[in-house]
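>>> I would like the atomic coordinates for the input below:
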Amino acid sequence: MPLAIGIAVMLLAGLTLLPALLALSAPLMFPGNREGRADPADGLWGRVAARAVHRPGLTLGAGALIFAALALAAFGYRTAGLSRSTTAPAGSDAAAGNALVTEYFPQSAVSPADLILRYAVPVWQSPGPLTTAEASLRSSGLLSTLAGPLDPNGAPLSPGVYAAVHTELGNPRGLPLAAPANILIPRDVYNAYRATAQYVSADGRTVRFAAELRAGDQQSTAAMNATPAVRAAVAAAARRSGATANGVAGQAVSLYDVSSVAGSDMVRISPVAVLAIAVLLGLVLRSLVAPLYLVVSIVASYLAALGGTTLLVIDLGGQDGLIFVLPFLMFVFLLALGEDYNILVMTRIREEARSLPLREAVVRAVGRTGPAVTSAGLILAGTFGVYALAGGGAMGGQLQSIGLGLALGILLDTFVVRTLLVPSAVVLLGRSNWWPSRLSRPRQPTAPAVLARASPG
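Residues are numbered from 1 along each chain as shown. Prediction:
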């Protein structure tokens, strides 16, 4: 919502305030702008477009092959964990504290994987299922440490002792730190029972096991990828111990679920967004043909950029994967950018095609819009490139991959798709681009040409 409001405000300013300011300051801002200057189509992008449309089939075919090869690399995309997100700066108090925790405490003490089981009756009335569940979890081979109601603080409790102590002391929640003088329970047993409050709910039916995964800490990619196996192990423990429900919580499983939902959302959102863009392009260009390949060009640009980022970051850079939000960010930016540049270039081609042969119209349109498109693309790519070059701190690796992916996609769209491939496609399709509008019909000869053919000379 904040982004949508910001865009609406910018649109309002662009349609009202900016034109007024330009009208007032134009003589000062553009003192050399006079009629009779050289045709902008003679500039760099006019010459580039002339070469591209001279052999449009070769240009379009070569570009399609390159984009297809990059898009194939996108099949290697995989999501990474957030292992760098908790790395404190060297020499800070947080770094010193993390070092002490790593040296003297298990990883599960800081950020455990929580394995949850729900039973029909309180476990202190029937603690036998706790033994079964714990044995099943340990036998899975997925856990390096496991703490639970029968081993809450390193001092194990047998099921019988656990039930007996509950009968005498009641719910462990609220017990004082030190055992009262009138209680004859050994101190280590009292402390262990008191510690079970963090593993058993107040009603005694929901049980939590805190585990450290052999795959790695909770922020690692390996721990995230182990989520399906851990869930299967917990489900097996639930079946064997008679639990009515089960689940897994923690940072790794949360990231796994967020990544999975983000991926499924992309599958649902992408077709709707692409269809909306195609409809808008059709209305602006008054064509049913041009929006088809323009939308294909946007999707191809996105897939090529994602594949190129995957190739650079994972295959060549050796990282475990990419942050889950990157494909969505790239899709949003490249879809919006591609639509803007398509409208800018194609509307100008349409205007020029009213009075010029299509090939000349394309050259002149690209020559006049090329500087605006490429300068805007360079500015935007440079903005995101800052993250790729200088991304550091808490999420350095993730910011670098985001910056690299967005900058690469913007550059591909700016310098290849809009200025080379789309103009080549326009020339190949000819006036069919504008079907079914009037512009798709063959050009009628101008009045001077008709008179020239009719004159005897």
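>>> Output the contacting helices and strands for the helix or strand encompassing Ser136.
Assigned by DSSP states H and E, Ser136 belongs to helix 128-139. If you count contacts as 3 or more C-beta pairs under 8 Å, 6 or more residues apart in numbering; DSSP states H and E, helix 128-139 packs onto strand 143-147, helix 159-169, strand 206-213, helix 227-241. Glycine gets a C-beta too; all of them are placed from N, C-alpha and C.
>>> List just the one of the ones you listed that sits closest to Leu18.
Counting by C-beta to C-beta, Leu18 lies closest to helix 227-241 out of those; the figure is 50.3 Å.
>>> Quick check: neighbours of whatever helix or strand comes next after the closest one in the sheet, parallel or antiparallel?
Of the helices and strands lying after helix 227-241 in sequence (DSSP H and E), the nearest is strand 245-249. For strand 245-249, sheet partners with direction are given as strand 113-118 (antiparallel), following DSSP bridges.
>>> buried residues in the strand it pairs with?
When neighbours are counted by 16 or more other C-beta atoms under 10 Å, the buried residues of strand 113-118 are found to be 113-117.
>>> now stretch 150-169
Going by 16+ other C-beta under 10 Å, stretch 150-169 has these buried residues: 150-152, 157, 159, 161-166, 169.
>>> which residues touch Ala223?
With contacts defined as C-beta atoms under 8 Å, 6 or more residues apart in numbering, Ala223 is in contact with 81, 113, 213, 215-217, 252.
>>> Can I get the buried residues of strand 113-118 in JSON lines including pLDDT?
JSON lines is the format used below for the buried residues of strand 113-118 (pLDDT from 0 to 100):
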{"residue": "Ala113", "pLDDT": "92"}
{"residue": "Asp114", "pLDDT": "94"}
{"residue": "Leu115", "pLDDT": "95"}
{"residue": "Ile116", "pLDDT": "96"}
{"residue": "Leu117", "pLDDT": "96"}
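>>> and which of the contacts of Ala223 is nearest to Pro176?
The shortest approach to Pro176 among the contacts of Ala223 belongs to Ala113, at 30.7 Å (C-beta to C-beta).
>>> For burial, what's the neighbour tally of the spatially closest residue to Ala120 that is not a sequence neighbour?
Nearest residue to Ala120 in three dimensions, chain neighbours excluded: Thr244, at 5.5 Å (C-beta to C-beta, 6 or more residues apart in numbering). When neighbours are defined as other C-beta atoms under 10 Å, Thr244 has 10 of them.
>>> Over to the one 10 residues further on?
A total of 14 residues lie near Ser254 under the criterion other C-beta under 10 Å.
>>> where does it fall, helix, sheet strand or coil?
Ser254 carries the three-state label helix when classified by DSSP: H, G, I helix; E, B strand; the rest coil.
>>> Same check on Gln125?
For Gln125, the reduced secondary structure class is coil; criterion used: three-state DSSP.
>>> could I get the helices and strands packed on helix 128-139 as CSV with mean pLDDT and distance to Ala62?
Output for the helices and strands packed on helix 128-139, formatted as CSV (pLDDT from 0 to 100; distance: least, C-beta to C-beta, whole Å):
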stretch, mean pLDDT, distance to Ala62
strand 143-147, 91, 53
helix 159-169, 90, 72
strand 206-213, 94, 48
helix 227-241, 95, 42
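>>> ok, back up a step: now do the helix holding Ser136: distance to the chain's middle.
Between the centre of helix 128-139 and the centre of its chain there are 39 Å (C-alpha atoms, centre = their mean, to the nearest Å).
>>> What of stretch 319-330?
With C-alpha atoms, centre = their mean as the basis, stretch 319-330 stands 5 Å off its chain's centre.
>>> about what we covered before: what's the most buried one of the helices and strands packed on helix 128-139?
Comparing the helices and strands packed on helix 128-139 on average neighbours per residue, with mean count of other C-beta atoms under 10 Å, the densest one is strand 206-213 at a mean of 23.
>>> returning to what we had before: looking at the residue nearest to Ala120 now. What's its pLDDT?
According to the prediction, Thr244 has pLDDT 95.
>>> per-residue confidence averaged over the strand or helix carrying Val363?
Val363 is part of helix 358-390 when elements are defined by DSSP H and E. With pLDDT averaged residue by residue, helix 358-390 scores 86.
>>> Please work out which residues outside the helix or strand that that helix is followed by touch it.
Read in the C-terminal direction, the helix or strand following helix 358-390 is helix 396-412, with elements assigned using DSSP H and E. With contacts defined as C-beta under 8 Å, 6+ apart, helix 396-412 is touched by 67, 80, 82, 84-85, 301-302, 304-306, 308-309, 312-313, 319, 322-323, 325-326, 329-330, 333-334, 337, 377, 380-382, 384-389, 391-392.
>>> got the CA positions of helix 396-412 in CSV?
Provided in CSV are the C-alpha atoms of helix 396-412 (Å, rounded to 0.1, in the frame of the first residue of the first chain):
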residue,chain,number,x,y,z
GLY,A,396,25.4,-8.6,3.1
GLY,A,397,25.1,-11.8,1.0
GLN,A,398,21.4,-11.4,0.4
LEU,A,399,21.6,-7.7,-0.5
GLN,A,400,24.4,-8.4,-2.9
SER,A,401,22.4,-11.1,-4.7
ILE,A,402,19.4,-8.8,-4.8
GLY,A,403,21.4,-6.0,-6.2
LEU,A,404,23.2,-8.2,-8.7
GLY,A,405,19.9,-9.8,-9.9
LEU,A,406,18.0,-6.6,-10.4
ALA,A,407,20.9,-4.7,-12.0
LEU,A,408,21.5,-7.6,-14.4
GLY,A,409,17.8,-7.8,-15.4
ILE,A,410,17.6,-4.0,-15.9
LEU,A,411,20.7,-4.0,-18.1
LEU,A,412,19.5,-6.9,-20.2
